[in-house]
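Student: fold the following and give me the result.
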Amino acid sequence: MRQHSTDGSSLVTRRALLKRGLLAGLGVAGASLLAACQQAAPASPAKPAESKPPESKPAEAAKPVQTSAPAASSKPYAGKTITAWLTSHVYANTIRGLLGDFEERSGMKVTLELLAFDIHNQRADLELSSGSGSVDVMNLTFIFSGKWIEAGWCTDLAPMLSDSGMTKPGEVEPNDFTAGAITPFRRGDKLYGLPWVAETSMLMYRTDVFKDKGVAGPPKTFDEMVEIAKKVHSSEIAGNLTRGTNGLHWVWPTYLYGYGGKFFANPPQDMTPALNSKESVAATTVFDQLATQYGVPGSMAFQDADAQTAFNQGRAAMFLDALGVLGAALDKEKSKVTDTVSFALPPEGPGGFKPQIAAHALFIPSGVKEKGPGFELIKWATSKEILRKTALEGSHVAAPRSSILTDPAYDQKYTWGGAKIGELQSKVLDAAGAGYMTYRTLPEFPQVGSRVTIALAEISSKQKGVEQSLNDLQTDVVGILKQAGHQVTA
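Tutor: Predicted coordinates for the structure are as follows:
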C-alpha cells in the first residue's frame, strides 16, 4: 500500500495539530480505519495427536495463551493461517517472494500486508491499543518501540527462545545480531523483537556527475556538501535529494547533532528540549538550503518510494538517508544509476561526526492468543539463511547480522565505486555507540518527531522563518513533555 504524497502546503498546521490533540499521542481516528485493521480469524485445525496429555493424567483445561509448541512434530501448526504486517522495504519485498519456502516448511499460510511506513505505524498503534490480537506479527518500529514496549503491547520472546520445544540449538543465534540492531528491543533479560534491519545513515552520490563537474570526491563536512551541491545543481539533476514527510525527523538529526545540537538536554534523566538552540538554527539553515535551494522540486513531500524513484531516474547527485532507503538504487531492474553510484560516510559538522542509526524488528502483539505460529515466522524471517538471501539475492543492504556484514560475498556485492558498505556501516555503528541515539526510542519521540516534521515543512514552504518555526517547535515540545509528566526547565 502506498500513501499518496501531498505538497508541503497541505501538511497539517501547528494549530490543527494542537486542535486535534495529536500532541498527546498519534492516535488514528475513525471506525473505517478500525475496520480496516481487523483480520478474520482463521478456523483452528484439530490439534496434533502429539499434543494430547498422557492418558494417565486428566486433560488440562486449555490455556488462554499458548507459548509452547506442540511436541514431536516438524509441522506443529500445519493448516493454520497467520497475518503479518510489514513496512514497505526492499527486505519485505524479497520476503514476499520467499514466503513459499516458509509455507512449505511450516505447513502454514501467511497473509502478508506490506504497508507504507506511516500507514503501518498508524494502523499498528490502533491495533495494539485495541488488544484484539488479530495480527500475528508486526514491525516493531524503532521510534515506537519505547511506547509499545512500555505499554505492554509486545510479547517477550525470551521464554520462547529458551524453550527447547520451540527453539532448536543454533536456530536463532541472537548474539549474531549487531549490538546496535538488537539492543533497542531488550529490557533487561526480556527481548521483545528480532531485528530484520539495522539502518545507518549514509551519503550516496553519483560518480559520473561528480566527474563531469570536476568534483574530486564526496564531501567530508556539511560546508563541503553545500559547495558541491551548488556546483553540480541544474534543472535536470538536482544537487541533493531529501526524503520528506516520514523521513524528515530521520534525516534532519544528522545535521542537528553534527552541528552540536540535540533534541533533549540529557534523556531520559533531563528531558528539557533544546530544539531552538543556536546550534539547531545553524543546522536547520543548512538542511533547508540543501533540501530546497539545491533539492529536487517537491521532494519535501516525498514518501520513501517517491524519493527512491527520483534518484533511480537520475534526478539528483547526492542523497543522504538511511542505507536501507538508498539500497533501492542498487536494483538494476529499477534503477538507471546503479553503475554510477558510490557511498560515503555522512558529513560531519562543527559538533563532529554524528550519524544516525535505526533498527526495526519483528514482534508478536501481546493480544495474540496463540503465539507459536507467529514465532515460527519471526524465526524464519530473521534467520541467517533468509537474511543472507535478502541481502545477496535481493538488495537488502542494511542487514542486522554480523555474519552477513562480514561475509566475503556481501563485501563483493556491496562494494560500489570503491566504497565497501560493510566497513562504512561498522564506522557508523561504532560512532552511534556513544549513546546520543537514546532520544529516538523514548515513548514521547513519535509525538515530538511528528511536530518536527511540521516545523521543517513550515520552513521549506516559507510559511515561517527558521528561528520562528524552531521557537514554536520548542514551545509545543515542552507542552508534549509536560503532558507526559516530565519536569522540564524550559
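
Student: switch to C-alpha atoms for all contacts and neighbour counts from now on
Tutor: Noted.

Student: the stretch 51-200 of the chain: strands as residue ranges?
Tutor: Taking DSSP state E, counting those that start in this stretch as the test, the strands found in the stretch 51-200 of the chain are 81-87, 109-115, 138-140, 186-187, 190-191, 194-206.

Student: okay if I get the ones you listed as CSV plus mean pLDDT?
Tutor: What follows is these, written out as CSV (pLDDT from 0 to 100):
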stretch, mean pLDDT
strand 81-87, 97
strand 109-115, 97
strand 138-140, 98
strand 186-187, 93
strand 190-191, 98
strand 194-206, 95
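
Student: Gly418: which of those strands is closest?
Tutor: Closest to Gly418 of the strands of the stretch 51-200 of the chain, according to Cα to Cα: strand 194-206, at 12.3 Å.

Student: and that closest one, what does it pack against?
Tutor: helix 179-182, strand 318-322, helix 323-326, strand 341-344, strand 357-363, helix 372-381, helix 421-432 (3 or more Cα pairs under 8 Å, 6 or more residues apart in numbering; DSSP states H and E).

Student: those into a markdown table, with extra columns for distance to Thr489, mean neighbour count and mean pLDDT?
Tutor: Converted to a markdown table, those look like this (distance: least, Cα to Cα, whole Å; neighbours: other Cα atoms under 10 Å; pLDDT from 0 to 100):
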| stretch | distance to Thr489 | mean neighbour count | mean pLDDT |
| --- | --- | --- | --- |
| helix 179-182 | 31 | 22 | 88 |
| strand 318-322 | 33 | 25 | 96 |
| helix 323-326 | 37 | 24 | 87 |
| strand 341-344 | 39 | 23 | 96 |
| strand 357-363 | 29 | 25 | 95 |
| helix 372-381 | 43 | 22 | 98 |
| helix 421-432 | 27 | 18 | 88 |
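
Student: and Val477, which of the ones you listed is closest to it?
Tutor: Val477 sits nearest to strand 357-363 of all the helices and strands packed on strand 194-206, at 22.0 Å, using Cα to Cα.

Student: where does the closest one sit relative to the chain's centre, distance-wise?
Tutor: Here strand 357-363 is found 6 Å from its chain centre; the criterion is Cα atoms, centre = their mean, to the nearest Å.

Student: before we move on, what about stretch 359-375?
Tutor: For stretch 359-375 - counting by Cα atoms, centre = their mean - the centre lies 18 Å from the chain centre.

Student: can I get the CA coordinates of stretch 164-173 in PDB?
Tutor: Taking Å, rounded to 0.1, in the frame of the first residue of the first chain, the C-alpha atoms of stretch 164-173 are listed here in PDB:
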ATOM      1  CA  SER A 164      13.800 -26.300  23.700                       C
ATOM      2  CA  GLY A 165      10.400 -27.300  22.300                       C
ATOM      3  CA  MET A 166      10.200 -24.000  20.400                       C
ATOM      4  CA  THR A 167      13.700 -23.100  19.500                       C
ATOM      5  CA  LYS A 168      16.400 -25.600  18.400                       C
ATOM      6  CA  PRO A 169      20.000 -25.000  19.300                       C
ATOM      7  CA  GLY A 170      21.700 -22.600  16.900                       C
ATOM      8  CA  GLU A 171      18.300 -21.800  15.200                       C
ATOM      9  CA  VAL A 172      18.200 -18.100  16.200                       C
ATOM     10  CA  GLU A 173      21.700 -17.100  17.400                       C
END
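
Student: name the residues of that stretch that are buried.
Tutor: Met166, Thr167, Val172 (16 or more other Cα atoms under 10 Å).

Student: from those residues, which is closest to Asp270?
Tutor: Comparing these against Asp270 with Cα to Cα places Val172 closest, at 37.1 Å.

Student: thought the closest one was touching Ser383?
Tutor: Yes. Between Val172 and Ser383 there is a contact under Cα atoms under 8 Å: 6.1 Å.

Student: now Thr254: how far from Ala282?
Tutor: Distance of Thr254 to Ala282, computed by Cα to Cα, to the nearest Å: 13 Å.

Student: who has more neighbours, the two?
Tutor: Thr254 (26 against 18; other Cα atoms under 10 Å).

Student: tell me the contacts of Glu171?
Tutor: By Cα atoms under 8 Å, 6 or more residues apart in numbering, Glu171 lies in contact with Lys379, Ser383.

Student: if we can go back for a sec, how about JSON lines for the strands of the stretch 51-200 of the chain, with mean neighbour count and distance to Gly261 added?
Tutor: Shown next, in JSON lines, are those (neighbours: other Cα atoms under 10 Å; distance: least, Cα to Cα, whole Å):
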{"stretch": "strand 81-87", "mean neighbour count": "21", "distance to Gly261": "30"}
{"stretch": "strand 109-115", "mean neighbour count": "17", "distance to Gly261": "33"}
{"stretch": "strand 138-140", "mean neighbour count": "26", "distance to Gly261": "28"}
{"stretch": "strand 186-187", "mean neighbour count": "14", "distance to Gly261": "27"}
{"stretch": "strand 190-191", "mean neighbour count": "18", "distance to Gly261": "32"}
{"stretch": "strand 194-206", "mean neighbour count": "26", "distance to Gly261": "17"}
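
Student: mind putting these in TSV, distance to Ser132 included?
Tutor: Below are the strands of the stretch 51-200 of the chain laid out as TSV (distance: least, Cα to Cα, whole Å):
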stretch	distance to Ser132
strand 81-87	13
strand 109-115	17
strand 138-140	13
strand 186-187	24
strand 190-191	22
strand 194-206	22
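
Student: which among those strands is found nearest to Thr309?
Tutor: That would be, of these and by Cα to Cα, strand 194-206, which comes in at 14.2 Å.

Student: distance to Asn240 for the helices and strands packed on strand 194-206 - can I get that in CSV?
Tutor: Formatted as CSV, the helices and strands packed on strand 194-206 follow (distance: least, Cα to Cα, whole Å):
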stretch, distance to Asn240
helix 179-182, 28
strand 318-322, 5
helix 323-326, 13
strand 341-344, 14
strand 357-363, 21
helix 372-381, 35
helix 421-432, 21
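
Student: pLDDT below threshold where in the stretch 351-490 of the chain?
Tutor: 490 (pLDDT under 70).

Student: which residues of it fall in strands?
Tutor: 357-363, 415-416, 419-420.

Student: parallel or antiparallel, list what pairs with the longest one.
Tutor: For strand 357-363, sheet partners with direction are given as strand 138-140 (antiparallel), strand 194-206 (antiparallel), following DSSP bridges.

Student: could you dump these to CSV with distance to Met271?
Tutor: Formatted as CSV, the strands paired with strand 357-363 follow (distance: least, Cα to Cα, whole Å):
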stretch, distance to Met271
strand 138-140, 24
strand 194-206, 25
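
Student: list just the one of those strands that sits closest to Gly433.
Tutor: strand 194-206 (12.0 Å).
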